[in-house]
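Visitor: structure of the sequence below:
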Amino acid sequence: MDKHEQLKLIRQDFMNCQKILLAIGDETRQAIIMVLMETTCKTGLRVGEITEQVHLSRPAVSHHLKILRDAGIILMRKEGARNFYYINISTKLELLKNLVFHIDDLMKEFYPGSG
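Guide: Reported below is the predicted structural model:
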């Protein structure tokens, strides 16, 4: 694949990753992701439980959870009136891996010694 084709592929990767990059670029959302990853609860956490650990208001946590859900990083499970949030195992973070792989590939091929 020539450089032009690789750059086109990377542009497409960036477009595919846009929501994910915006979602994980915020420190508060990073903290929420870490809370969800650190929990030993296999069924997920409720907003109140997350709120206690990140020290934000319920509305703020809900707002950030929505952004993470929209990006496909976390999922929500309903149990009656209660919502449980958990990391999406088959997450779209795979798209980020592709982006990094394609950039790395380009750099190795066309910019030797850069990494």
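
Visitor: okay, CA-based contacts and neighbour counts for the rest of this
Guide: Will do.

Visitor: which ones are touching residue 73?
Guide: 20, 87, 88, 91, 92, 93 (CA atoms under 8 Å, 6 or more residues apart in numbering).

Visitor: out of the residues you listed, who's the most crowded?
Guide: Among those, the one with the most neighbours (other CA atoms under 10 Å) is residue 20, at 23 neighbours.

Visitor: helices of this structure, start to end?
Guide: 3-24, 27-38, 47-54, 58-70, 93-110 (DSSP state H).

Visitor: these: which one's closest to residue 83?
Guide: Closest to residue 83 of those is helix 47-54 (CA to CA; 7.6 Å).

Visitor: which other helices and strands does that closest one contact?
Guide: Contacts defined by 3 or more CA pairs under 8 Å, 6 or more residues apart in numbering; DSSP states H and E place helix 47-54 against helix 27-38, helix 58-70, strand 82-87.

Visitor: how about the ones you listed, which one is nearest residue 107?
Guide: helix 27-38 (28.0 Å).

Visitor: got the angle for the closest one vs helix 3-24?
Guide: 80 degrees (axes from the mean of the first three to the mean of the last three CA atoms, to 10 degrees).

Visitor: residues near residue 61, how many?
Guide: 19.

Visitor: pLDDT score assigned to it?
Guide: pLDDT for residue 61: 98.

Visitor: farthest pair in the contacts of residue 73?
Guide: Maximum distance among these (CA to CA): 13.4 Å, for 20 and 87.

Visitor: ok, back up a step: and of the helices of the chain, who's closest to residue 79?
Guide: Among the helices of the chain, the nearest to residue 79 by CA to CA is helix 47-54 (13.3 Å).
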